[in-house]
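J.: pasting the structure only:
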Ligand SMILES: [Zn+2]
C-alpha cells in the first residue's frame, strides 16, 4: 500500500479512495480505486500468454505428428 494512504480518510468502502485528511468534515472526495483496471489488464495479459503457449504447443504437436 502507498505510504500516503495511511494519512487518508478511511470512510469510503473497499475499492474507493478518499483524497481528504482523516476525520475531515463534510462529504468524502472519493474516487474509484485505479488499481482495478490494472488488475483486469494483468488478467488479460495472462490470458494472452496462455493463448500464445497453446498456439506454440499446438504447432509442436503438429510438427511431432508429422503434419
Ligand atoms: Zn473522506
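T.: Sure, I can see it. What you are looking at is a predicted structure, and each value in this text was computed from that prediction instead of being measured.
J.: got the residues of this structure near the ion?
T.: 9, 11, 18, 20, 28 (Cβ under 5 Å from the ion). For the C-beta atoms, the positions are set from N, CA and C on the backbone; glycine is no exception.
J.: Looking at the residues you listed, which is nearest residue 64?
T.: residue 18 (57.8 Å; Cβ to Cβ).
J.: Quick check, the closest one in contact with residue 27.
T.: No: in this structure residue 18 lies outside contact range of residue 27 using Cβ atoms under 8 Å: 9.4 Å.
J.: out of those two, which sits in the busier spot?
T.: residue 18 (18 against 9; other Cβ atoms under 10 Å).
J.: Now that one: closest residue in space, sequence neighbours ignored.
T.: Distance criterion Cβ to Cβ, 6 or more residues apart in numbering; nearest residue to residue 18, sequence neighbours excluded, is residue 9 at 3.8 Å.
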